[in-house]
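Trainee: Let's see this in three dimensions:
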Amino acid sequence: MRTSFVLAGLCAWLVIGGCSDAVAPTPARAHLDDGSTTAGPSVAGTTVALKTAIDSSLCASATGNAQTAGTAIVTASCAGAAGQKFTVTSNGALTLYDGTMCLDASGATGLDGEKLILWPCHGGANQTWQLSSNGTITGMNGKCLDVSGGSTVPGTRLLLWTCHGGTNQRWTTSATATAPTPTPTPPPAPTSWTQCADAGAACDFVGLRTVRLGGPNGPYVQQTAYHGLPCATYAFGGQNPAPGQPLHCDYGPIQTTTIANPMSAMNGFGATITVPLGSPGASGPQMTSTSEDPTYVAGEGSFRTTCGMAHFAFDDPIVFPGQPGASHLHMFFGNTGVSAASTTTSLTTTGNGTCLGGTLNRSAYWMPALVDPATSTAQVPDLAVIYYKSGYDMDPAAIQPFPQGLRIIAGNMHASSTSEQPYGVSWGCVSANGNNATGNIPGCAVGDAVRLTIIFPQCWDGVHLDSPDHKSHMAYPNYANTPGQSTCPADHPVPLPEITEHFDFPVMAGAVPTRWRLSSDMYSTSLPGGYSAHADWMLGWDTTTMRTVVTQCLNKSVD
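Mentor: Sure, this is the predicted structure:
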C-alpha cells in the first residue's frame, strides 16, 4: 500500500495514493554458490547462510525470524535460525521457510537504497539473484546486495546499491543443509475473482490480495495489493492489457499463511493457526503539501491516522524482550520489522511503515490475535484507526510531546470479566457507533464489523520510560466535566497525547463472532471471549513530525 502524509497549515492531514508495484517480467536464469567460500556451481535445492565479509559472524536474516510478507532483511548473529536459511532455486530466487517467501527488492525499481524484504515468490526480476566470482550478489539492474553503511551492528538493513566491491557488498555462503529440496513454485493464481470497480474508481477490499485489471473478457495484468488501489492503468505500471476496451478490476481471495502454534494446549486453538498476510508498508517518508486547513474545536485537539496490519507473531518486545515465541499470538500494525528483539533504536531506524506517512511513523501498535477456535483461523482486521488527542476536558495547551523510548500497555491481559478491566477498554459493532459498548466480543451481523476500542493512559511520571509492570509509569487523568479542568495526578504530572486505537474486524459470510476469542483469553471457554483485551504501543515516530502534531494540532485545539 502506498501512502502519503500531508502537513497542512496548522495541522497534519493524511491522504492515500498510489499502489503496489506491478508484476515484473520473467527474469533470466541466475546462479548461486553451493556453499564454498568462492563462487561455484549452482545447486538448486541447496540451503545456505549468507555471511557478510564485514564480519563473518553476521548473516543475512529475516527480522525476528518472521515469515510474513514485508518482513525486513537485516544482519544478525549467525545462529542457523530458520530466518537465515535461504534455499537456492533453479531460477535464481532465494526462498525461506516453505518456499513461498522470497528475498525481494521491495520497490521493484532497482534504484539505490531499495530495501530487502520477504515477499510471496512471483519470479520477478526483483526476486532474482546471482553470485559473482568476487563474492558480490547482484540483483535487479545489476545492483549489489549491500549492508547499509558498512555497519557491523546487528539489525542493519540490507539494501540494493550500485556495486563498488567493498566488504559490505561481499558475501560467502555456507551450506546449512545437504539434501536437495524441491524447487518452490510461485503461489497459484486465484481460482475465484470478485469484481470490485470499473476503470477510474477505487478497488477497495480487506487484507492482502491479488488484483487484476482487464477488459470485459480479459486479457489481464495483475499484482498484489493491500486494502485497495485505484482501478487504473497507472496503478499497474502503465500497462493496458485491452486497449480500446472498457476496463475493470477484480480481486482474488485474502492471502494467508499457516504458522505453528506453540500454545496449542491453551485457548482451544489447534496446533497451527491460519493468519492473513499483511501490508509490506512504505520504505520511506511520504509527505506532500496541501492547501487544506484543519478545523478549530474548542477544548480538544485531535489528530488521526490509519495503519495497515503488518504481520502476526508470538512476540512481545515489551513483556518478553529478546524472547521470540514467548508470547501469546499478536497482530502488529505500523513498523513491519517489529519482533521480540525490537528496541527504540531499531524502531526509529529500520522497518517499513504501514501507517499513513510511511516511515515518518515507525511506531509499533499491537493487540492479541482474534481467532475462531472452531477453524483455528485468525480474523482479518481492517485498517486500524489511531487517534492522538489532547484528552477528555484536558487543557490542550498543556500537552507535551512523547519522550523518546516511551512504551505503554493499556488494558488487563489477565482479565476474565468486565469488572477486571480498567477504564478505556470496550467492544462494539461499528454500525452502532459506540452505542452498544460491552466488555466482550459482540455478535455483530454479517456485513458489519466488530470493533475493539482501547484508550491509553496519558499522564506520565516524568521519569520512567517503562516500569516493571509496564503500566505504573503511566496513569489516567483525574477527569472533570468542565473543559480544561481534567488534570493529571500529582505523581504522574506530565500530560502527553492521549492515544485511542480502534481495531475493526469485518464480519464476513459464515463468520460467528460470538465464537471468536482473543489469544490472551486464558479463562474458561464457557465464558464469552474478549475479556482480556489489551494493546501495546512503542514510540517510533519521527521526532520532528510528532512534535509538529503536538504543537500545531493538539496544543492549538484543532482537528
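Trainee: Would you quantify the distance from Val74 to Gly155?
Mentor: Distance, Val74 to Gly155, by CB to CB, to the nearest Å: 5 Å. (C-beta placed from N, C-alpha, C; glycine too.)
Trainee: Mutual contacts of those two, please.
Mentor: Taking CB atoms under 8 Å, 6 or more residues apart in numbering as the contact rule, Val74 and Gly155 both touch Thr63, Thr350.
Trainee: what about the strands in the stretch 201-350 of the chain?
Mentor: 202-214, 220-230, 248-251, 256-260, 272-276, 287-289, 302-307, 309-313, 330-334 (DSSP state E, counting those that start in this stretch).
Trainee: follow-up on the earlier one: the more surrounded of Val74 and Gly155?
Mentor: Legend: neighbour count by other CB atoms under 10 Å for Val74 and Gly155, higher for Val74 (29 against 21).
Trainee: Run through the bridge partners of that one.
Mentor: Ser61, Arg157 (DSSP bridges).
Trainee: I'd say it and Leu158 touch.
Mentor: Yes. The criterion here is CB atoms under 8 Å, and Val74 meets it with Leu158 at 6.5 Å.
Trainee: any residues in contact with both of these two?
Mentor: Each of Ala60 lies in contact with both Val74 and Leu158 under the rule CB under 8 Å, 6+ apart.
Trainee: With mean neighbour count and distance to Gly353 added, can I get the strands of the stretch 201-350 of the chain in JSON lines?
Mentor: What follows is those, written out as JSON lines (neighbours: other CB atoms under 10 Å; distance: least, CB to CB, whole Å):
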{"stretch": "strand 202-214", "mean neighbour count": "22", "distance to Gly353": "16"}
{"stretch": "strand 220-230", "mean neighbour count": "23", "distance to Gly353": "13"}
{"stretch": "strand 248-251", "mean neighbour count": "24", "distance to Gly353": "24"}
{"stretch": "strand 256-260", "mean neighbour count": "15", "distance to Gly353": "22"}
{"stretch": "strand 272-276", "mean neighbour count": "20", "distance to Gly353": "19"}
{"stretch": "strand 287-289", "mean neighbour count": "13", "distance to Gly353": "12"}
{"stretch": "strand 302-307", "mean neighbour count": "22", "distance to Gly353": "8"}
{"stretch": "strand 309-313", "mean neighbour count": "29", "distance to Gly353": "9"}
{"stretch": "strand 330-334", "mean neighbour count": "26", "distance to Gly353": "7"}
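Trainee: Which one of those lies nearest to Leu50?
Mentor: strand 309-313 (22.1 Å; CB to CB).
Trainee: quick one: the closest one to strand 202-214, angle?
Mentor: Note on geometry: by axes from the mean of the first three to the mean of the last three CA atoms, to 10 degrees, strand 309-313 and strand 202-214 are set 90 degrees apart in direction.
Trainee: Contacts for strand 309-313 next, please.
Mentor: 64, 66, 68-71, 259, 273, 275-279, 281, 324, 329-336, 338-340, 354, 369, 378, 381, 384.
Trainee: run the last query once more with 7 Å
Mentor: Identification of contacts with strand 309-313 by CB atoms under 7 Å, 6 or more residues apart in numbering yields 64, 66, 68, 70-71, 259, 275, 278-279, 281, 329-336, 338-339, 354, 369, 378, 381.
Trainee: Restrict the residues you listed to the buried ones and give me that as a PyMOL selection.
Mentor: Restricted to buried positions by 16 or more other CB atoms under 10 Å, the PyMOL selection for the contacts of strand 309-313 reads:
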select buried, resi 64+66+68+70+71+259+275+278+279+281+329+330+331+332+333+334+335+336+338+339+354+369+378+381
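Trainee: Run through the helices of the stretch 251-400 of the chain in chain order.
Mentor: Per DSSP state H, counting those that start in this stretch, the stretch 251-400 of the chain carries helices over the ranges 344-349.
Trainee: Which of the strands of the stretch 201-350 of the chain has the lowest mean pLDDT?
Mentor: Note on the strands of the stretch 201-350 of the chain: strand 287-289 shows the lowest mean pLDDT, a mean of 86.
Trainee: Within its sheet, name the partner strands of it and how each one runs.
Mentor: Looking at strand 287-289 with DSSP bridges, its partner strands are strand 3-8 (parallel).
Trainee: Report the central residue of this protein.
Mentor: With distances taken as CA atoms, centre = their mean, the chain has Ala310 as the residue nearest its mean C-alpha position (1.8 Å).
Trainee: Return the distance of that one relative to Glu501.
Mentor: According to CB to CB, Ala310 stands 15 Å off from Glu501.
Trainee: Please apply the same query to Thr377.
Mentor: Separation of Thr377 from Glu501 (CB to CB): 23 Å.
Trainee: Pretty sure Ser426 sits against Asn435.
Mentor: No. In this structure, Ser426 is not within contact of Asn435 by CB atoms under 7 Å, at 11.2 Å.
Trainee: which intervals of the stretch 51-200 of the chain have sub-threshold pLDDT?
Mentor: 64-67, 90, 97-99, 175-189 (pLDDT under 70).
Trainee: any idea where the helices of it begin and end?
Mentor: Counting by DSSP H, counting those that start in this stretch, the stretch 51-200 of the chain contains no helices.
Trainee: now the strands for the stretch 351-500 of the chain?
Mentor: For the stretch 351-500 of the chain, strands defined by DSSP E, counting those that start in this stretch occupy the ranges 364-368, 370-372, 377-378, 384-389, 407-411, 425-429, 449-455, 459-460, 474-475, 494-495, 498-506.
Trainee: Could you say which of the ones you listed is packed most deeply?
Mentor: The highest mean neighbour count among the strands of the stretch 351-500 of the chain, using mean count of other CB atoms under 10 Å, belongs to strand 364-368: a mean of 26.
Trainee: Tell me the strands beside that strand, with direction?
Mentor: Strand 364-368 has these strand partners (DSSP bridges): strand 330-334 (antiparallel), strand 534-538 (antiparallel).
Trainee: okay if I get those as JSON lines plus distance to Ala480?
Mentor: Below are those laid out as JSON lines (distance: least, CB to CB, whole Å):
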{"stretch": "strand 330-334", "distance to Ala480": "32"}
{"stretch": "strand 534-538", "distance to Ala480": "26"}
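Trainee: Out of those strands, which gets nearest to Pro401?
Mentor: Per CB to CB, nearest to Pro401 of the strands paired with strand 364-368: strand 534-538, 14.8 Å.
Trainee: Report the contact partners of the closest residue to Met367 other than its chain neighbours.
Mentor: Computed as CB to CB, 6 or more residues apart in numbering, the closest residue to Met367 that is not its neighbour in sequence is Ala535, at 4.5 Å. By CB under 7 Å, 6+ apart, Ala535 lies in contact with Tyr365, Trp366, Met367, Ala410, Gly411, Ile454, Glu501.
Trainee: That's all I had, so thanks and see you.
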